[in-house]
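A.B. asks: Okay, structure incoming, though there's no sequence with it:
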């Protein structure tokens, strides 16, 4: 049975993580592109990576508890991207705590703990930052949901799949 094409997206204003089975990358807006043009650039770059063969896009939900600033812009980005995906490709929303639990077994795991777990669990994928690690976890969750887990994940980690809003 052929593995479906699933994309994981860790949306960010500076470096959006994007990943699929066996790969991880980032989408970085050009310098000097700010505000709404930046959000549109990221939305369009995501859309450019969604092909006819894409079976599912898994997007990290908004982290309402974050205090890193630009909350309105981050929320605007999330909604622009999801609006573009909606009706074109099935998409799922993963709470940040579910992403962390799937990767590490702890919903409150720090970003670097997720990165370390991803590097251990996916040794054949070059992952150089938290954005790529998060996107790879999201893609893995989507593949697992569709019955094609790319790696073995402990049952206690897989419980987090139940917190996801699947299409």
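C.D. replies: Now that the structure is in, tell me what you want to look at. Here the structure is a predicted model, which means the values were calculated and not measured.
A.B. asks: Would you map the helices across the chain?
C.D. replies: 35-48, 71-85, 96-104, 111-121, 130-145, 155-158 (DSSP state H).
A.B. asks: Please tabulate those in a markdown table, including the columns mean neighbour count and mean pLDDT.
C.D. replies: Every C-beta, even on glycine, is put in place using the N, C-alpha and C of the backbone. Putting these into a markdown table (neighbours: other CB atoms under 10 Å; pLDDT from 0 to 100) gives the following:
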| stretch | mean neighbour count | mean pLDDT |
| --- | --- | --- |
| helix 35-48 | 16 | 97 |
| helix 71-85 | 16 | 94 |
| helix 96-104 | 23 | 97 |
| helix 111-121 | 17 | 96 |
| helix 130-145 | 27 | 98 |
| helix 155-158 | 14 | 96 |
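A.B. asks: could the ones you listed go into TSV alongside distance to residue 64?
C.D. replies: Below are the helices of the chain laid out as TSV (distance: least, CB to CB, whole Å):
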stretch	distance to residue 64
helix 35-48	19
helix 71-85	8
helix 96-104	9
helix 111-121	17
helix 130-145	17
helix 155-158	23
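A.B. asks: of all those helices, which lies closest to residue 12?
C.D. replies: helix 130-145 (5.7 Å; CB to CB).
A.B. asks: Would you pull up how far the closest one lies from the middle of the chain?
C.D. replies: Averaging C-alpha positions (CA atoms, centre = their mean, to the nearest Å) puts helix 130-145 5 Å from its chain's average.
A.B. asks: Show me what it is packed against.
C.D. replies: strand 5-10, strand 16-20, strand 23-27, strand 54-60, strand 91-94, helix 96-104, helix 111-121 (3 or more CB pairs under 8 Å, 6 or more residues apart in numbering; DSSP states H and E).
A.B. asks: Make JSON lines from these and add distance to residue 149 to it.
C.D. replies: Formatted as JSON lines, the helices and strands packed on helix 130-145 follow (distance: least, CB to CB, whole Å):
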{"stretch": "strand 5-10", "distance to residue 149": "11"}
{"stretch": "strand 16-20", "distance to residue 149": "14"}
{"stretch": "strand 23-27", "distance to residue 149": "16"}
{"stretch": "strand 54-60", "distance to residue 149": "13"}
{"stretch": "strand 91-94", "distance to residue 149": "15"}
{"stretch": "helix 96-104", "distance to residue 149": "10"}
{"stretch": "helix 111-121", "distance to residue 149": "11"}
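A.B. asks: Figure out which of the helices of the chain is closest to residue 19.
C.D. replies: Short answer: helix 130-145, nearest of the helices of the chain by CB to CB, at 3.8 Å.
A.B. asks: and the angle for that closest one with helix 96-104?
C.D. replies: Helix 130-145 and helix 96-104 are oriented at 80 degrees to each other (axes from the mean of the first three to the mean of the last three CA atoms, to 10 degrees).
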